[in-house]
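**Student:** sequence and predicted structure, then a few things I'm wondering about:
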Amino acid sequence: MKKMMTVVGGLLLISPILAHATSHTQGAGPRGDGASGCGWGALLFDGNSGVGAHSLAITTNGSFGNNTFGISSGTNGCDANQTIRYRGGRMYIGANMTKLAEDMSRGNGETLAGLSEVMGIAKEDRLAFFALVKKHFAVIYPRESVTSDEVMDALIVVMKSDSALAKYVG
Amino acid sequence: MRLHDDPTWLALGHYRRTPFGDWASDADDPAFFLAETGQHDPDAELSATLLAYFAPGDGDEHPRCRFPARYHWLKSRLDFGGSLSSDHDCKAFSEWTETLKAHSVSLIFPASYLNSPSSMFGHTFLRLDRENQDENARLLAHTINYAADVNVADNELFYAYRGLFGGYPGVISVQPFYEKVKEYSDFENRDIWEYSLNLSPAETAQLIRHVWEIRPIRFDYYFIGENCSYRILSLLDVVRPALALREKFPYRSIPSDTVRAIVDAGLVEHVDYRPSAAAVLNEHTRQLTSDQRRVARQLADGKIALDSAALRPMSAAEQAATLETAYESLRYRSLADKLPRERVAGLSYKLLLARSRIDDVSPLKPPERPATRDDEGHKPWRADLGFGFFDHTAFGSFRLRSAYHDLTDPLAGYRLGAQIKFLDASVRYYEDERFRVEAVDVINIASLTPRTEFIQPLSWSVGLGARRKLLETGRPLVGYLDGGVGLSYSIGDGMIFGLVNGTLEVSESVRPNVDIGLGPRIGWLYRGLGGQGLLDFRIDCYIVEDEYCTGGLRLDHTVNLGKDYALNLRLGRDRGERTYASEFLLSVRRYF
């Protein structure tokens, strides 16, 4: 009995932790979409392997180095400052490839609205922007293996051909 | 009051009174202190800080730039003669704040996970909102997240040990909110509550200064005490020292409890709800007709083509809704089952392409915000006082539980079928003057998630503790480890479940000392009659030495009496080894 109580006692101490801990092991699971915004050339529908693996490093590795934002640089070409400054949408698209594709196919959604924010599209032009990307979905996302850089380039081409929206990609 | 006793100074240094009456800072890093004895001496630290501020030199490494929050506060309290610098003389720091553009702060609380009761504890972090931030621009805001820097190579036991005893450093990371939304909404299927706080721009700026101070500092991370939520309270204490939020959580800070404290402190302006991907999928499938659901399912499984005749009778809007749901379902499955990209990418893309070709807007509506937030449910501690009869012997009963939620506790703010109990003990005093420990549950988790056409999780349960076992000769206390796995289905607003259960029992007083039981367990979780309840039937057949089966039928019904009280009725009929017993127990429950 005594021995059992010791075991029970030990588990008693540990079990809540195991459970609670799960909320902090972020990154152990899949991430995808150029995890943590560092995926140049991020793939559509990625998320179950590959890119996701390094995001734990990003969540937990940083902060002790010299990075302004506590995100390790040098991980997959990920530069801490770029995640923050978005570089006119390129970074944002890389980090949101899949959700953006979903929103564009519908012509609305929060991730798409976020892109219009990043690209500095004025409120009055947003509906036109949403309609344009939906109409040209097949051009912007021409195939399942498209990368985020290609999406950005195609988006610029599509916007340039539109009289109202060309000014945002001049 | 002397300056070094000021609550703001104590909050800035993360000082807490120890049980011996002296001060100790939570910071576990000499780099945080300018005085040699700074960790235990707020007075010496204050003097050293002032001295350091007036030391010659400048630049990012100067104490003025390393500790801008202390500097700002001291400047407001003392007359620095206007000669000294402001934030702008610190290049790295001012660049950092310039990029963050924080104007106000939101507390973000990802709630529990559909199929993971352990996530019930939740997590909290801060989002830095910009001035006049558009509703649509929230995703772009930055978040400040505090988490344990775990070593992924550690095995679970070691991990638990280090987590409990502070073996991991806590780390502050700054990430765009869209990364956190992906993490919680899409990958973990957790709804998110967003509480915008009423911190002024000046308070927000001071909070940011303080984050800058502690960003490179090591604070040991304790999963129960000094965790993510505790650290957030300590940040809020810096800007609103009068709230003394940290003091409310000396030993354990369950995230939902800390959210409750922040709400009670009047810090919350308004609350937004962000449903998880699974919640969206469930709601969308609910809005489809059964025909549309079937087609969506077949599309997601790749069983019918996208130009299938099945889609043709539908209107354009209905087609849009069906295609959207099919995509959401496939996406959910590929993340939940970790399907390789090659298997899902082709079909996912085709579904999106087909959707983009329909001009109509789909009529699907997002899930409604739940009536009760996750921080508005009952509190985690529970005490029960009751009386009853066991086999015609009357007894009085007292039961105490440390956390968190039981299948029959008031449901508001919790998920039906999700149970997690830590340290739940009950004692009884029988009329023949016997005092008995009835049961001690160390941990007991049940995750009963109903299966739908689109979401098909397994249900499971685990339990560890000690309980009474009904034998012909008496009811000895035996240690047990239970595990079960099976399926659940919704019926009405409740659910039914069936599990296959395995039990390991250990006892010194019963022969054999170690026994193994196997058997089914079926149950019905219902809502109604003023609350909710569970009707439960189980059989365990023991296989070591004597082979025999035990069984039990139990009704456990709770009537909810407001937020903090409930009335519970338990009726049971047990079959033990060559014996039967009946039980009746009526108790009052208080949550606190």
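**Tutor:** Done, it's in.
**Student:** chain A contacts on the stretch 251-400 of chain B?
**Tutor:** Contact residues (Cβ under 8 Å from any Cβ of the partner chain) of the stretch 251-400 of chain B with chain A: B:255, B:320, B:324, B:327, B:331, B:334-335, B:338-341, B:344-346, B:348-349, B:352-353, B:355-356, B:361-362. Yep, even glycine has a C-beta here, placed from its N, CA and C like the rest.
**Student:** in helices, which of those appear?
**Tutor:** Residues of these located in helices (DSSP state H): B:255, B:320, B:324, B:327, B:331, B:334-335, B:341, B:344-346, B:348-349, B:352-353, B:355-356.
**Student:** gap between the closest residue to B:Pro7 other than its chain neighbours and chain A?
**Tutor:** With sequence-adjacent residues excluded and distances taken as Cβ to Cβ, 6 or more residues apart in numbering or on different chains, B:Pro7 is closest to B:Pro241, at 3.8 Å. Remark: distance between B:Pro241 and chain A (Cβ to the nearest Cβ, to the nearest Å) = 26 Å.
**Student:** B:Arg190 now?
**Tutor:** 9 Å.
**Student:** which stretches of the stretch 251-400 of chain B form strands?
**Tutor:** B:268-274, B:382-390, B:393-405 (DSSP state E, counting those that start in this stretch).
**Student:** okay, these in TSV with mean pLDDT and mean neighbour count next?
**Tutor:** Formatted as TSV, those follow (pLDDT from 0 to 100; neighbours: other Cβ atoms under 10 Å in any protein chain shown):
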stretch	mean pLDDT	mean neighbour count
strand B:268-274	96	16
strand B:382-390	97	17
strand B:393-405	94	18
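**Student:** neighbours of B:Asn79, just the number please.
**Tutor:** Just to correct that, residue B:79 is Asp rather than Asn. When neighbours are counted by other Cβ atoms under 10 Å in any protein chain shown, B:Asp79 registers 6.
**Student:** state the distance from it to A:Ile93.
**Tutor:** From B:Asp79 across to A:Ile93, the span is 52 Å (Cβ to Cβ, to the nearest Å).
**Student:** tell me where the model's unsure across the chain.
**Tutor:** Picking chain A for this. A:1-41, A:47-88 (pLDDT under 70).
**Student:** can you look at chain B instead?
**Tutor:** In chain B, residues with pLDDT under 70: B:81-88, B:114-120, B:151-160, B:163-164.
**Student:** skipping adjacent residues, who's closest to the residue most central in space within it in space?
**Tutor:** Centroid-nearest residue in chain B, with Cα atoms, centre = their mean: B:Gly122, separated by 1.9 Å. Among residues not flanking B:Gly122 along the chain, B:Pro255 sits closest, at 3.9 Å (Cβ to Cβ, 6+ apart).
**Student:** just list the residues touching the one you found, thanks.
**Tutor:** B:Pro255 makes contact with A:23, B:109, B:121-124, B:227-229, according to Cβ atoms under 8 Å, 6 or more residues apart in numbering or on different chains.
**Student:** now with 7 Å, please.
**Tutor:** B:109, B:121-124, B:229 (Cβ atoms under 7 Å, 6 or more residues apart in numbering or on different chains).
**Student:** how about the stretch 201-350 of chain B: which residue is closest to chain A?
**Tutor:** B:Tyr349 (3.8 Å; Cβ to the nearest Cβ).
**Student:** all helices for chain B, in order.
**Tutor:** Under DSSP H, chain B gives helices at B:7-12, B:42-53, B:63-66, B:68-77, B:91-100, B:156-164, B:177-181, B:201-214, B:228-239, B:255-264, B:277-287, B:290-300, B:316-336, B:341-356.
**Student:** so for B:Trp381, which of those sits nearest?
**Tutor:** With Cβ to Cβ as the measure, helix B:255-264 is the member of those nearest B:Trp381 (9.7 Å).
**Student:** in the closest one, what's buried?
**Tutor:** B:255-263 (16 or more other Cβ atoms under 10 Å in any protein chain shown).
**Student:** quick one: contacts of stretch B:377-395?
**Tutor:** B:254, B:257, B:396-404, B:409-410, B:412-414, B:428-432, B:563, B:568, B:581-592.
**Student:** using ChimeraX, define a selection of the buried residues within those.
**Tutor:** Buried residues among those (16+ other Cβ under 10 Å), as a ChimeraX selection:
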select /B:254,257,397,399,401,403,404,409,410,413,414,428,568,581,583,585,587,589,591
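**Student:** nearest to B:Leu128, of the helices of chain B?
**Tutor:** Short answer: helix B:91-100, nearest of the helices of chain B by Cβ to Cβ, at 5.4 Å.
**Student:** how about B:Leu400: what's its closest non-neighbour residue?
**Tutor:** B:Ala383 (5.3 Å).
**Student:** from B:Leu586, how far out is the one you found?
**Tutor:** 15 Å.
**Student:** on that earlier part again, who are the neighbours in contact with the residue nearest to B:Pro7?
**Tutor:** B:Pro241 neighbours (Cβ under 7 Å, 6+ apart): B:7-8, B:11.
**Student:** what is the burial count for A:Arg126?
**Tutor:** 17.
**Student:** so which strand or helix has it?
**Tutor:** In this structure, A:Arg126 sits in helix A:123-135 according to DSSP states H and E.
**Student:** could you pull out the strands for chain A?
**Tutor:** For chain A, no strands are identified by DSSP state E.
**Student:** all helices for it, in order.
**Tutor:** A:2-21, A:55-61, A:80-85, A:90-95, A:97-106, A:110-118, A:123-135, A:137-140, A:148-160.
**Student:** can you put the contacts of B:Pro255 in JSON lines and add distance to B:Ser200?
**Tutor:** JSON lines is the format used below for the contacts of B:Pro255 (distance: Cβ to Cβ, whole Å):
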{"residue": "B:Phe109", "distance to B:Ser200": "22"}
{"residue": "B:Phe121", "distance to B:Ser200": "31"}
{"residue": "B:Gly122", "distance to B:Ser200": "27"}
{"residue": "B:His123", "distance to B:Ser200": "26"}
{"residue": "B:Thr124", "distance to B:Ser200": "21"}
{"residue": "B:Ser229", "distance to B:Ser200": "23"}
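**Student:** which of those residues fall within strands?
**Tutor:** Those of the contacts of B:Pro255 lying in strands (DSSP E): B:Phe109.
**Student:** give me the buried entries from the contacts of B:Pro255.
**Tutor:** Judged by 16+ other Cβ under 10 Å, buried ones among those: B:109, B:121-124, B:229.
**Student:** of those residues, closest to B:His270?
**Tutor:** Nearest to B:His270 among the buried ones among the contacts of B:Pro255, with distances taken as Cβ to Cβ, is B:Phe109, at 13.9 Å.
**Student:** wait, doesn't B:Val559 sit right on B:Gln532?
**Tutor:** No - B:Val559 is beyond contact range of B:Gln532, at 9.2 Å (criterion: Cβ atoms under 7 Å).
**Student:** these two: which is more packed in?
**Tutor:** For the pair B:Val559 and B:Gln532, the greater number of neighbours falls to B:Gln532 (23 against 16), based on other Cβ under 10 Å.
**Student:** roughly how far apart are the more buried one and chain A?
**Tutor:** For B:Gln532, the distance to chain A - Cβ to the nearest Cβ - is 23 Å.
**Student:** distance of that residue from B:Tyr349?
**Tutor:** Per Cβ to Cβ, B:Gln532 is found 44 Å from B:Tyr349.
**Student:** one more: B:Ala265?
**Tutor:** 49 Å.
**Student:** equivalent analysis for B:Glu505, please.
**Tutor:** 53 Å.
**Student:** can you check B:Leu364 too?
**Tutor:** Applying Cβ to Cβ to B:Leu364 and B:Tyr349 gives a distance of 21 Å.
**Student:** B:His97 against B:Leu207, yeah?
**Tutor:** Quick fix: residue B:97 is Thr, not His. No - with contact defined as Cβ under 7 Å, B:Thr97 does not count as touching B:Leu207 (10.9 Å).
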